[in-house]
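>>> Sharing a model that was predicted from the sequence below.
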Amino acid sequence: MQRLLAAFTLIALTAVSCSPPPPSGEKRQEIRLNIHTDPPSLDPRKPADTTSSTVIRLCFDGLMRRNEQGRQAFGVAKSVNISEDGLTYTFTLRESVWSDGTAVTAKDFEDTWKTILSPNFPSEFASELYILKNGKRAKENTLGMDAIGVKALGDYVLQVDLEYPIPYFLDMLMTHYFFPVPSHIANKDPKWAQNGGDLYVSNGPYHLAEWKHYNSMVLLKNPSYWDSQSVILEKIDLYMIEDEMTELSMYENGDLEWIGSPLSSIPVDALGSLSTEKDFNHYQIAGTYFYIFNTEALPFTNKHIRRAFALSIHRQEIVENILQGGQTVATSIVPPSMWEERNSYFADADISLAKKEFEIGLKQLGITADKLPAIKLSYNTNSGHHKIAQAIKEQWSMALGIRVELENMEWKVFLDSVSNHKFQIARMGGIASYNDPIAILKDYQYANSRMNQCQWSNKKFAELIDLADHTKNTEERMKVLSEAQSILMDEMPVAPIYFYTGSYMKKPYVKSIAISNLSEIDLKYTYLEQK
């Protein structure tokens, strides 16, 4: 599954010449960050955006987590036994508690996963749990909840049965949609995760003490956390500043310790002059920036029209003239970091072919170009999104002679609009939740998946994804996934634009912030260096 990005390109650089020196003497163990926007939800069972998942990972622990080196490690689980056929995982849990002192048990995991797979429960990523035995059938209401392959065998033993062997299953357990929620709270109050305070009970390194919607959050060290001795930070201030210039100024004035990927963004106009600063850091990300077409809305019901729009985008021009942050042109949906070989399925800015596809599409729809109404391109508030949209609007006008209207929306409004399919074309960005190409491709396996906002479906594609899930040989499996991607790129429900890179600036006295190529930030081991 891909997590949806609110921020621009995961590029955020800033000057340090105006930054104050580190505070003298004993520093407060507090850090100030900007997460750009208000999280849509902090219930681990529901959201699929990076803003929400970032905060959730700070507040919750799953069975597995990453250690200081970013490697796979145990979290709430302290050991696991895997059957020879790879179908049954039996986890032994450590004795740990929620932030209110209540024990975290295997039943919390069982209840959480079964709730996500309940037919009427609104979850953005329920299909990810279809790997559990009978998970898909339970979600489709053809089997009862008791048939799902997760069961507490006691307070501290959890048995998980899979539909088929999955070599990356332990990696998936580090994603927030496998985290537990406090059953003793969530079962009584469905609004438990809407605000901070005592009701928002968690089991991670930090707990949410305060949530001023659209303004700020305060996270405090969780003294009840099972590994609290490893946590040094006492407080994390999270601001929700959408204006990139304001964020940049705050960093330069010493009011933020960090700016940039994967939390927020700054004006793209500043990138060229700031990338040589000593506090600048750069990393590769398993993610793609793309546009999606609503395949149930005219004229994008037609494959050739979608292809015409995708092929006429001049990606290299956008990467070089707008982004300027090391991004690369995307001519596939899966990032190259997830393949041994770079896969390219079409040529960038193939205007000649785009025009031919456009003519075919118009003929099949029975309309002429001059009768085609203006196309609406939607994106969430951000200067980077706007600049890209303006550039592509002009490219489409030049190549296809069409009119395009730009629609700018606040993040939550945008998500609601896209989720309810109230768009023609929408900008989107996705980062894989785990290091496997299927994490991205599987989003398009089912037309009714909440992550498949374009509503596209293809029987052969779905069969190939299912085949890949059941193929043990790695080389054969990658061939199957490559064939699936070729179908997706031929049908073009999504138009890849560029592959993400991540850049950030941080104060030199901030230590041990871990970032993965999945653009996950971990502050469990973070501290401010003392003089």
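Happy to help now that I have it.

>>> Now the closest residue to Asn302 other than its chain neighbours: which helix or strand?
Leaving aside its chain neighbours, Asn302 sits nearest to Gly361 (4.5 Å; criterion: CB to CB, 6 or more residues apart in numbering). C-beta coordinates here come from the backbone N, C-alpha and C atoms, glycine included. Per DSSP states H and E, Gly361 falls inside helix 351-365.

>>> can you list the residues that contact that helix?
298-299, 301-305, 307-312, 347, 368-369, 372, 399-400 (CB atoms under 8 Å, 6 or more residues apart in numbering).

>>> switch the cut-off to 6 Å
With contacts defined as CB atoms under 6 Å, 6 or more residues apart in numbering, helix 351-365 is touched by Pro299, Asn302, His304, Ile305, Arg307, Ala308, Leu311, Ser312, Ala399, Leu400.

>>> Only alpha carbons, please: show it as CSV.
Extracted C-alpha coordinates of helix 351-365, given in CSV (Å, rounded to 0.1, in the frame of the first residue of the first chain):
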residue,chain,number,x,y,z
ILE,A,351,3.8,14.4,-28.1
SER,A,352,3.4,12.7,-31.5
LEU,A,353,2.0,9.6,-29.9
ALA,A,354,-0.1,11.6,-27.4
LYS,A,355,-1.8,13.4,-30.3
LYS,A,356,-2.6,10.1,-32.0
GLU,A,357,-4.0,8.6,-28.8
PHE,A,358,-6.1,11.8,-28.3
GLU,A,359,-7.6,11.5,-31.8
ILE,A,360,-8.4,7.8,-31.3
GLY,A,361,-10.0,8.5,-27.9
LEU,A,362,-12.1,11.4,-29.2
LYS,A,363,-13.4,9.3,-32.1
GLN,A,364,-14.4,6.5,-29.8
LEU,A,365,-16.2,8.9,-27.5
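
>>> what is the mean pLDDT for that helix?
Mean per-residue pLDDT for helix 351-365: 97.

>>> Then stretch 459-467?
On average, stretch 459-467 scores 95.

>>> Same question for that stretch: list its buried residues.
Phe461, Ala462, Leu464, Ile465 (16 or more other CB atoms under 10 Å).

>>> How much space separates the third one from Tyr444?
Look at Leu464 and Tyr444: by CB to CB, to the nearest Å, they are 11 Å apart.

>>> Count residues in the vicinity of the residue nearest to Ile305 when sequence neighbours are not counted, would you?
Closest residue to Ile305 apart from its sequence neighbours, by CB to CB, 6+ apart: Gly361 at 3.7 Å. Using other CB atoms under 10 Å, Gly361 is surrounded by 21 other residues.

>>> ok now do Met145, which residues does it touch?
Contacts of Met145 (CB under 6 Å, 6+ apart): Lys114, Ala138.

>>> now the residue nearest to Ile305: how far from Ala354?
Applying CB to CB to Gly361 and Ala354 gives a distance of 10 Å.

>>> swap in Pro40?
Distance from Pro40 to Ala354, by CB to CB: 35 Å.

>>> Lys459 too?
Where Ala354 is concerned, Lys459 sits at a distance of 27 Å (CB to CB).

>>> residue boundaries of the helices in the stretch 351-500 of the chain?
For the stretch 351-500 of the chain, applying DSSP state H, counting those that start in this stretch gives helices covering 351-365, 383-400, 411-419, 438-441, 459-469, 474-491.

>>> Please work out which of those helices is packed deepest.
Mean neighbour count (mean count of other CB atoms under 10 Å) peaks for helix 438-441 among the helices of the stretch 351-500 of the chain, with a mean of 24.

>>> in the helix or strand hosting Phe91, what counts as buried?
Assigned by DSSP H and E, Phe91 belongs to strand 88-93. By neighbour count on 16+ other CB under 10 Å, the buried set for strand 88-93 is Tyr89, Thr90, Phe91, Thr92, Leu93.

>>> if we can go back for a sec, from the contacts of helix 351-365, which land in helices?
Within those, residues falling in helices by DSSP state H are His304, Ile305, Arg307, Ala308, Leu311, Ala399, Leu400.

>>> what would those residues look like in CSV with pLDDT and distance to Thr54?
Supplementary listing: the ones in helices among the contacts of helix 351-365 in CSV, determined by pLDDT from 0 to 100; distance: CB to CB, whole Å:
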residue, pLDDT, distance to Thr54
His304, 98, 39
Ile305, 98, 36
Arg307, 98, 35
Ala308, 98, 37
Leu311, 98, 35
Ala399, 96, 38
Leu400, 96, 38
